[in-house]
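Chemist: Sharing a model that was predicted from the sequence below.
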Amino acid sequence: MKRVYNFGAGPAMLPTEVMEKAQAEFLNYQDMGAGIIEISHRSKEFDAIIDRTDELLTELAGIPDNYKILYVHGGAQMQFSAVPLNLINRLPARKASFVLTGNWAVKASEEAERYGTSLNIASSKDQNFNYIPDFDVSQIDPESSYLHITSNNTLFGTRWHQFPKTGDVPLVADMTSEFLSRKLNINDFGVIFAGLQKNLGPAGLALVLIRDDLLDYALPETPGLLNYKTYAEQHSLANTNNTFAIYMMKLVLEWLKDQGGVEKMEAQNEAKAKLLYDCIDASDFYLGTAQPAHRSIMNVTFTLAKDELLDEFVNQAEAQGLYALKGHRAVGGARASIYNAMPVAGCQALVDFMKEFEKSHA
Ligand code: PMP
């Protein structure tokens with residue numbers, strides 16, 4: 001069987017080695033005569049899996065001791081509710097600040113309005129979110145319980161190259177489409193969250209890192225299973241968690257460690273993105289949509305100068321095993337999502353195809 005190079009934005013491709021290991025262990029985990037999805041979340045075998053997942057995350061992401069690692073139900077968007085429920089009450093004004101860099105930040109801001117006041121302090125909507133807006137940290141209302149950003153904008157192909165120093169206002173980052181693709185200083189953040197379905201595993205579960213002094217502010221009406229403290233106190237096992245997703249994440253983290261860790265991966269991700277951006281910049285046939293200084297190394301967005309060729313471009317690519325290149329409707333054009341699991345060879349194959357397609361359609 002030939003696996004495609006999957007450029008889909010998520011759920012995204014996972015390393016073949018990870019898929020094979022999961023397949024090999026699926027029916028019979030460690031000779032138990034049962035698979036992972038058939039055994040208790042309170043078994044010693046699952047305990048070992050969740051402990052090892054914590055350890056690998058701590059090591060690979062450099063998570064300091066004063067942060068808790070939580071595995072929270074419901075994917076990334078559920079965090080747009082969980083974050084305000086847990087944090088907006090940190091200060092009595094119940095305000096949260098947002099930088100609007102794309103649809104996900106807009107949604108998060110709208111959701112927080114249910115629980116308090118959202119202050120949108122900067123936005124790049126004026127240019128269809130093709131850049132990260134500049135703002136001065138003095139613009140952050142000191143009554144804000146936190147500042148929310150989307151560190152990598154999956155739809156628009158931009159990312160924060162540097163993070164704002166927000167002082168006493170905790171920085172909350174939605175890192176769904178880039179967590180573990182780049183080195184971070186976790187201490188710069190109060191909360192980091194990420195849906196698993198890009199760099200970490202299957203959809204439907206979110207990884208949350210939270211500084212432990214932020215665990216005490218949940219609104220009284222916070223559902224038990226969205227209260228970060230419940231997760232922190234019960235090792236994310238207050239109820240039956242998504243054991244399979246946690247197991248898959250452990251396999252992905254083991255793979256990442258084998259690859260040399262985040263620093264190595266970041267260098268490879270930069271090289272992969274450069275292959276594609278160099279190809280786009282060298283031609284008038286392809287046009288990058290994100291401003292070069294703000295480009296993502298996870299989601300490469302571009303249009304074709306002859307937009308009428310887009311469907312043919314996408315279909316021909318697919319016929320050659322280059323899958324899911326169609327861009328999001330908010331941007332149009334094409335998008336190559338090149339998360340950690342995308343090998344350099346996949347990006348090279350796409351560049352070769354793009355050059356060939358340009359030659360035959362110029
Ligand atoms: N935030 C970002 C940055 C995303 O890319 C996505 C999904 N593409 C989401 C949030 C929403 O994720 P979910 O579907 O898991 O709710």
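Modeler: Happy to help now that I have it.
Chemist: ok and the residue in the chain nearest the ligand?
Modeler: Gly75 (2.7 Å; Cβ to the nearest ligand atom). Any C-beta I mention is one placed from the backbone N, CA and C, and that applies to glycine too.
Chemist: what about that residue, how many residues close to it?
Modeler: Neighbourhood size, Gly75 [other Cβ atoms under 10 Å]: 17.
Chemist: Now do it, the pLDDT please.
Modeler: With respect to pLDDT, Gly75 scores 96.
Chemist: Can you pull out the residues in contact with stretch 41-53?
Modeler: 29-30, 32, 36, 39-40, 71, 235-237, 240-241, 243, 246-247, 249-250, 253 (Cβ atoms under 8 Å, 6 or more residues apart in numbering).
Chemist: rerun at 10 Å
Modeler: 29-30, 32, 34, 36, 39-40, 69, 71, 201, 207, 235-237, 239-243, 246-254 (Cβ atoms under 10 Å, 6 or more residues apart in numbering).
Chemist: chain center to that stretch: distance?
Modeler: For stretch 41-53, the separation from the chain centroid amounts to 24 Å (computed by Cα atoms, centre = their mean, to the nearest Å).
Chemist: For it, buried residues please.
Modeler: His41, Phe46, Ile49, Ile50, Thr53 (16 or more other Cβ atoms under 10 Å).
Chemist: Would you state the strands of this protein in chain order?
Modeler: For the chain, applying DSSP state E gives strands covering 5-6, 67-73, 95-100, 117-123, 144-150, 152-153, 158-159, 171-174, 191-195, 205-211, 286-288, 299-304, 322-323, 334-337.
Chemist: Contact residues of the stretch 201-350 of the chain facing the ligand?
Modeler: For the stretch 201-350 of the chain, the residues in contact with the ligand (Cβ under 6 Å from any ligand atom) are Ala203.
Chemist: tell me the contacts of the closest residue to Gly75 other than its chain neighbours?
Modeler: Leaving aside its chain neighbours, Gly75 sits nearest to Gly195 (4.7 Å; criterion: Cβ to Cβ, 6 or more residues apart in numbering). Going by Cβ under 10 Å, 6+ apart, Gly195 touches 10-11, 72, 74-79, 174-177, 179, 201-207.
Chemist: just the buried members of those?
Modeler: The neighbour count (16+ other Cβ under 10 Å) marks 10, 72, 74-79, 174-177, 179, 201-207 as buried among the contacts of Gly195.
Chemist: From those, which land in helices?
Modeler: Gly75, Ala76, Gln77, Met78, Gln79 (DSSP state H).
Chemist: okay, now the closest residue in space to the last one that isn't next to it in sequence: neighbour count?
Modeler: Translated: Gln79. In space, Gln79 comes closest to Phe193 once its chain neighbours are excluded; the distance is 4.5 Å by Cβ to Cβ, 6+ apart. Using other Cβ under 10 Å, Phe193 is surrounded by 25 other residues.
Chemist: Just list whatever residues bridge to Phe193.
Modeler: Under DSSP bridges, the beta-bridge partners of Phe193 are Asp174, Val208.
Chemist: Kindly state the pLDDT recorded for it?
Modeler: Phe193 is assigned a pLDDT of 99 by the prediction.
Chemist: With distance to Leu214 and pLDDT added, can I get the buried residues of stretch 41-53 in TSV?
Modeler: Conversion of those to TSV gives the following (distance: Cβ to Cβ, whole Å; pLDDT from 0 to 100):
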residue	distance to Leu214	pLDDT
His41	26	98
Phe46	28	98
Ile49	27	98
Ile50	22	98
Thr53	22	98
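Chemist: Which single one of these is nearest to Ala24?
Modeler: Proximity of the buried residues of stretch 41-53 to Ala24 was ranked by Cβ to Cβ; the top entry is Ile49 with 15.6 Å.
Chemist: Let me know which of the strands of the chain is tucked in deepest.
Modeler: Of all the strands of the chain, strand 152-153 carries the top mean neighbour count, a mean of 29, counting by mean count of other Cβ atoms under 10 Å.
Chemist: Tell me which other helices or strands it touches.
Modeler: helix 103-112, strand 158-159, strand 171-174, strand 299-304 (3 or more Cβ pairs under 10 Å, 6 or more residues apart in numbering; DSSP states H and E).
Chemist: The second one near the ligand at all?
Modeler: To tie it back to what came earlier, the one meant is strand 158-159. No: no part of strand 158-159 sits near the ligand under the criterion Cβ under 6 Å from any ligand atom; the closest distance found is 10.2 Å.
Chemist: Leaving out sequence neighbours, find the closest residue to Ala273.
Modeler: Of all residues not flanking Ala273 in the chain, Ile297 sits nearest, at 4.0 Å (Cβ to Cβ, 6+ apart).
Chemist: typo on my end, Gly62
Modeler: Closest residue to Gly62 apart from its sequence neighbours, by Cβ to Cβ, 6+ apart: Ile186 at 6.0 Å.
Chemist: Likewise for Thr301?
Modeler: Spatial nearest neighbour of Thr301, excluding adjacent residues (Cβ to Cβ, 6+ apart): Gly157 at 3.3 Å.
Chemist: wait, isn't that neighbour in contact with Thr303?
Modeler: No: counting by Cβ atoms under 10 Å, Thr303 is not a contact partner of Gly157; they are 11.1 Å apart.
Chemist: which residues are common contacts for those two?
Modeler: Common neighbours of Gly157 and Thr303, using Cβ under 10 Å, 6+ apart, are Gly288, Thr289, Gly327, Val331, Gly333.
Chemist: between these, which is closest to Arg3?
Modeler: Arg3 lies nearest to Gly327 out of the shared contacts of Gly157 and Thr303, by Cβ to Cβ, at 22.8 Å.
Chemist: Next, work out how far apart the closest one and Arg335 are.
Modeler: Separation of Gly327 from Arg335 (Cβ to Cβ, to the nearest Å): 4 Å.
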